[in-house]
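1. Below are the sequence and a predicted model for it; my questions follow.
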Amino acid sequence: MDAIILQTLNGLDKGSAYALIALGLTLIFGTLGVVNFAHGALFMIGAFCAVTMQRILNLSYTVVDPSKKDFLGNPLKVQMPYVEHWFGHDAGAAIINWSVPLAILLAVPVMLLIGFAMERGLIKHFYKRPHADQILVTFGLAIVLQEIIKQIYGANPIPTPAPSQLAGSLDFGLLIGFPANTIVYPLWRLVYFLFSLGIIGAVFAFLQFTTFGMVVRAGMADRETVGLLGINIDRRFTLMFGIAAAVAGLAGAMYTPINSPNYHMGMDFLVISFVVVVVGGMGSLPGAVAAGFLLGILEAYASLNAVKDLVPGIDQIIIYLIAIAVLLTRPRGLMGRKGVMEE
Amino acid sequence: MSRYDLTRRGLLRTGMIAGAGLAMPTIFTSRANAYVNEPKGGSVTFGFNVPQTGPYADEGADELKAFKLAVKHLNGEGDGGMLGTFSSKALKGSGVLGKKVEFVTGDTQTKSDAARASAKSMIEKDGVVMISGGSSSGVAVAVQSLCQEAGIIFMAGLTHSNDTTGKDKKANGFRHFFDAYMSAAALAPVLAKQYGKDRKFYMLTADYTWGWTQAASMKDFMEKEGWKMVQDVRTPLASTDFSSYLAPVLSSGADVLILNHYGGNMVNSLTQAVQFGMRDKQVNGKQFEIVVPLISELMAKGAGKNIQGILGSSNWNWKLQDEGTKAFVKSYGTEYGVPPSQAAQTCYVQTLLYADAAERAGSFDPCAVGKELEGFKFDGLGNGPTLYRAADHQCFKDVLVVQGNEKPENEYDLLNVAEITPVDKVMYEPDNEFFKGGELGKCNNGAA
C-alpha cells in the first residue's frame, strides 16, 4: 500500500511536467495549427533562465583573503556576491538561496520574447506548409537552440538547488497514519506539482473568463469566421504562442532543482510530450492535461518492483503501449475533436 | 539528423578515396617501412581522440589540456612537469628519439562509431604512431580493437570497466586508469569500518557493461564484509529522472544505497536521492548512507553540496602530496588556472609513459614499445610505485578512497583523500572471474 501511494505521488509529479509541456504544445497546435518540435527546447531554455538567474545573483567581485590559500598556495581570491555587499550578508544569502523561484521573474518576459521572435521570425512562414515541413524546421530550430545553450553554458549539468527550506523531504506517511520512513517524498517535487496545477488553472481561466480567451477559443473552432468578423486573429495567436512558450519555460525553470539542467534535457521530454498530446487528443487542452497525469501515474506504477518482476522492462514501454491501445480503440485520442489533423 | 549523417558519410567516402590515393605510393615504399606510420622526418605525430562534443565534452576538454601540456614538456617547453619526478630518466625534454612531438586531435562524440572513424582518419591521414584518450569504456574498447588491427599503440584514457583489460584486452592496448574491481576492493573494507558490518544495501546500476561489472564487483566484496544485498535495480543509461527507482528505497529495509552510476547519471541520481531525504534518515536504527563507487572531480562539481561526506574511489587526486603530483598540479594550474582532474592526470601520464618506452626501445615500432611497457615498474608520476603488468597491460598501483569534502576551502576543494589502499589489497590474478575470457593476442606493428 505504501509503495502504491509513493508511486502515485511520483506519477503526479512526473505527470506535472508532461502535462505542462503537452499543454503548451496543444495551445500552439490548436491555435496556429503548427506541430512545434522546438517545444522541448523552450522547456530547456526556461531551465537555463533559472541558471542565468542564479548566475546573475551570484555576480561577484574579488576580494583577496590572505589568511587562506588557493590550490597553488597563493593567497585565496574570494568571490563576494554584489547582492551580499548591497543587502548585507544574511539578506543577500537569502536572496541567492531563493534564486530558482525568483527565476520566474526572468523566465516570463524572456520566454514571451523568445516565443514572439520565433513565431514572427520563423513559424509564421510555415502556416500554409505541410506538417512535415513544420516538423523539420522546428526540429532543426531545436537543435540550433540546443547548440547555442551548449556554447554558452557548457555540456555538463549545472546544479541549481531549491531554496534550502524546500530542499528536504516530507514524511508524507506520518500525515496519513503510516509509520515513519514509509512514505517519504521530496518537498520540492510536491511544490512542483502544486505549481503546475496553478499554471494549468491559470491558463484555463485565462481562456475561459477573458474576452481575449473567448476570441482565441472562437478562433480555434473556426478561424475564418472570426476573421470575417473583423478580428485580427493572427495577432492574438502570436500572443498565444508567446504564452505557450512561457508555460514551457516556467515548467523548465521550476524543474531545475529536480534535475540539474543540461542542454539536451528538452529532447528527453519532447517525445513523451507528443505521445501525451496524441493520447489526450490532438487539439484538446483538457485531454493533454488529463493524459499527462494519467501517463505519469501509469509510468510510475509500472516501475513498482512487483510489477517489474512480473513483466521486466515494462516501465520503459508502458507509455507507448498505452498510446498504441488508445489509438487502436479511440483513433482521435481520449478527448480529441473531430476534424483536427484529418483534412 | 539525416543531413548530418549524409555529411559524415560524404566525408568518409572522400576520406576513403583520398586514403586509396595515398595508399598507392606506399605499395612501392612499403619495404622501406618496418612498421606502419614509421616517422621519417624530424617529427613524430601522436593522436588524441577525446569527446569534444556530446555529454562528456567538458571531460574531453580536460583530457586535451593534459595532452597538450605533456607534448609541451616532451619538447622541452614549460617547466617540465612530471618529467622531473619520473623515475625513468630516458626523456631529456628534446622530443622523442630526437624527433619533435606533434599531435592531431579527433572527436569521439562519446560514440563508438564516431570514435573509430576519427581514429582511422588519424592513422591513415595523419600518420600517427599512437592514439590515446576516451572517457567511456564502450569507446575505449572499440578504439582499442581498431588500433590492434591497424598496428598502432592505444594508450587508454579514462575507462573504468573491467572489460578493457579483461575480456576485451588487446596486445596493442595499455591502461593506466584503475578498474571497477579495484574500486570495490579498496572501498569495501573502508565502508565496513565506517558503517559497520551489519548493513543491508540497495543498488541502482547503469544498465550497460561498465555498470554490470561495477555492480558485480561491489556485491562480491560487500558480501565478503558481511553486508546483505536487498536489491540491485538496473536503470537505463538514458534515464534522467530516477525518482521512481528511488521512491521504494527507504521502505525496502536497506540502510545503504550504492549508486553504480557515472557522469550525468550519477549527478542526477545522487541529487535526487538526497532530495528523498536519504541523508537525514535513520533506518534499522542506523544512519542511512549513500555510496558512489567511482567519483570524479567533474561529477563532484555537478553534484554540488550533495557530494559532501559521500564515499567513493578515484584513480588520483590533485591534493596528494607526493613530488610528482605537486609538480603536475603546479605546472597544470599555472597553465590553465584550475587544478587537473583524474582524467587529465591519467592522459598526461599515458603520454609520458609511451614517449619514455619509445625512447628506451630506440624505436616507435609498436612491438618494441609494447615490450618496454610490459612489466615496466615506475614511480614519480603521482600514483606511487606502479607496475604495468605484462599479462593484461593493466597498471597496478595504490587506489584512493575519497570522500566529498564537507568544508571546502575553495571551489576546487571538492574531494578529500580518506584513505590510500595499498596495491596488494586490490591486486588480482589475470584469470580472475571478473576478467577471464579474451586473449591479449600478439602485438601487431602493421607491417605487411
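-> Looks like it came in fine. Just so it is clear, the model here is predicted, and its values are computed rather than measured. Numbers count the residues shown, from 1 in each chain, chains lettered A, B, ... in the order given.

2. Setting the sequence-adjacent residues aside, check what's closest to residue A:156.
-> residue B:58 (4.7 Å; C-beta to C-beta, 6 or more residues apart in numbering or on different chains). Every residue, glycine included, has its C-beta placed from N, CA and C.

3. Hmm, the one you found is touching residue B:298, no?
-> Yes. The pair residue B:58 / residue B:298 is scored as a contact, 6.2 Å apart, by C-beta atoms under 8 Å.

4. list residues touching both of the two?
-> Counting by C-beta atoms under 8 Å, 6 or more residues apart in numbering or on different chains, the shared contacts of residue B:58 and residue B:298 are residue A:156.

5. OK, contacts around the closest residue to chain A within the stretch 1-150 of chain B?
-> Ranking the residues of the stretch 1-150 of chain B by distance to chain A (C-beta to the nearest C-beta) places residue B:57 first, at 3.9 Å. Shown in contact with residue B:57 (C-beta under 8 Å, 6+ apart): A:150, A:154-156, B:51.

6. Pull out the buried members of those residues.
-> A:150, A:155-156, B:51 (16 or more other C-beta atoms under 10 Å in any protein chain shown).

7. Now pLDDT too, for those, in a markdown table please.
-> Listed next are the buried ones among the contacts of residue B:57 as a markdown table, based on pLDDT from 0 to 100:
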| residue | pLDDT |
| --- | --- |
| A:150 | 89 |
| A:155 | 78 |
| A:156 | 78 |
| B:51 | 88 |
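
8. Go through those residues and say which is closest to residue B:318.
-> residue A:156 (18.5 Å; C-beta to C-beta).

9. Let me know the helix or strand that the residue positioned nearest the centre of chain A is in.
-> Nearest to the mean C-alpha position of chain A, by C-alpha atoms, centre = their mean, lies residue A:251 at 3.0 Å. Here residue A:251, judged by DSSP states H and E, is contained in helix A:233-255.

10. Is that helix positioned near chain B?
-> No. Shown here: helix A:233-255 not in contact with chain B (C-beta under 8 Å from any C-beta of the partner chain), separated by at least 9.5 Å.

11. and residue B:395, that one's in a strand?
-> Yes. Counting by DSSP: H, G, I helix; E, B strand; the rest coil, residue B:395 falls inside a strand.

12. per-residue confidence at it?
-> pLDDT, residue B:395: 97.

13. And for the one 3 residues further on?
-> The pLDDT attached to residue B:398 in the predicted structure is 96.

14. surely it meets residue B:423?
-> Yes. Judged on C-beta under 8 Å, residue B:398 makes contact with residue B:423 at a distance of 5.3 Å.

15. so what's in contact with these two at the same time?
-> Shared contacts of residue B:398 and residue B:423 (C-beta under 8 Å, 6+ apart): residue B:384.

16. Break chain B into its domains for me.
-> B:33-178+B:319-392, B:181-314+B:414-425 (automatic domain parsing).

17. Go through those domains and name the closest to residue A:328.
-> Smallest distance to residue A:328 across the domains of chain B (C-beta to C-beta): 26.4 Å, for domain B:181-314+B:414-425.

18. and that closest one, does that touch chain A?
-> Yes. Using C-beta under 8 Å from any C-beta, we find that domain B:181-314+B:414-425 touches chain A at B:231, B:233, B:236, B:238, B:240-241, B:243-245, B:247-248, B:250-251, B:264, B:267-268, B:271-272, B:275-277, B:280-283, B:298, B:301-306.

19. Which single residue of chain A ends up nearest chain B?
-> For chain A, C-beta to the nearest C-beta, closest residue to chain B: residue A:169, 3.0 Å.

20. nearest spatial neighbour of that residue, skipping sequence neighbours?
-> residue B:277 (3.0 Å).

21. Mind giving me the packing neighbours of the longest strand seen in chain A?
-> The longest strand of chain A (DSSP state E) is strand A:60-69. Where contact means 3 or more C-beta pairs under 8 Å, 6 or more residues apart in numbering or on different chains; DSSP states H and E, strand A:60-69 is packed against strand A:75-81, helix A:82-87.

22. can you tell me which of those the model trusts least?
-> Minimum mean pLDDT among the helices and strands packed on strand A:60-69: strand A:75-81, a mean of 81.

23. in that one, what's buried?
-> Here strand A:75-81 shows A:76, A:81 as buried, counting by 16+ other C-beta under 10 Å.

24. Show me what that strand is packed up against.
-> The helices and strands touching strand A:75-81, judged by 3+ C-beta pairs under 8 Å, 6+ apart, are strand A:60-69.

25. hmm, who's touching the strand it packs on?
-> If you take C-beta under 8 Å, 6+ apart as the criterion, strand A:60-69 is touched by A:75-82, A:85, B:409-410.

26. between that strand and strand A:75-81, how many degrees?
-> Inter-element angle recorded for strand A:60-69 and strand A:75-81: 150 degrees (by axes from the mean of the first three to the mean of the last three C-alpha atoms, to 10 degrees).

27. what is the mean pLDDT for strand A:60-69?
-> On average, strand A:60-69 scores 83.

28. Same question for stretch B:287-296.
-> 94.

29. re the thing from before, so which of residue B:398 and residue B:423 has more stuff around it?
-> Using other C-beta atoms under 10 Å in any protein chain shown, the more surrounded residue of residue B:398 and residue B:423 is residue B:398, with 22 against 19.

30. Mind telling me which residue of the stretch 201-350 of chain B is nearest chain A?
-> Closest point on the stretch 201-350 of chain B to chain A, by C-beta to the nearest C-beta, is residue B:277, at 3.0 Å.

31. Is it correct that that residue is in contact with residue A:184?
-> Yes. Applying C-beta under 8 Å as the test, residue B:277 and residue A:184 come out as touching, 5.1 Å apart.

32. what residues are shared contacts of these two?
-> Common neighbours of residue B:277 and residue A:184 (C-beta under 8 Å, 6+ apart) are A:169, A:171, B:250.

33. Show the buried residues in the residues you listed.
-> Among these, the ones that count as buried by 16+ other C-beta under 10 Å are A:169, A:171, B:250.

34. Any chance of the residues you listed in a markdown table with pLDDT, distance to residue A:210 and secondary structure as columns?
-> As requested, these are exported to a markdown table (pLDDT from 0 to 100; distance: C-beta to C-beta, whole Å; DSSP: H, G, I helix; E, B strand; the rest coil):
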| residue | pLDDT | distance to residue A:210 | secondary structure |
| --- | --- | --- | --- |
| A:169 | 87 | 39 | strand |
| A:171 | 86 | 41 | strand |
| B:250 | 85 | 45 | helix |
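
35. Reformat those residues as JSON lines; add distance to residue A:332.
-> Compiled in JSON lines, these are given as follows (distance: C-beta to C-beta, whole Å):
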{"residue": "A:169", "distance to residue A:332": "41"}
{"residue": "A:171", "distance to residue A:332": "43"}
{"residue": "B:250", "distance to residue A:332": "42"}
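
36. from the residues you listed, which is closest to residue A:191?
-> Of all those, residue A:191 sits closest to residue A:169, with 11.9 Å by C-beta to C-beta.

37. where does the chain dip in pLDDT?
-> Picking chain A for this. Across chain A, residues meeting the criterion (pLDDT under 70) sit at A:338-343.

38. right idea, wrong chain: chain B
-> Residue ranges of chain B with pLDDT under 70: B:1-32, B:54-55, B:448.

39. where do the helices sit along it?
-> B:2-29, B:57-74, B:112-124, B:137-150, B:180-195, B:209-224, B:243-246, B:263-275, B:297-303, B:323-336, B:342-361, B:366-373 (DSSP state H).

40. Reformat the ones you listed as TSV; add distance to residue A:59.
-> Formatted as TSV, the helices of chain B follow (distance: least, C-beta to C-beta, whole Å):
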stretch	distance to residue A:59
helix B:2-29	37
helix B:57-74	22
helix B:112-124	38
helix B:137-150	38
helix B:180-195	39
helix B:209-224	39
helix B:243-246	33
helix B:263-275	24
helix B:297-303	20
helix B:323-336	23
helix B:342-361	29
helix B:366-373	50
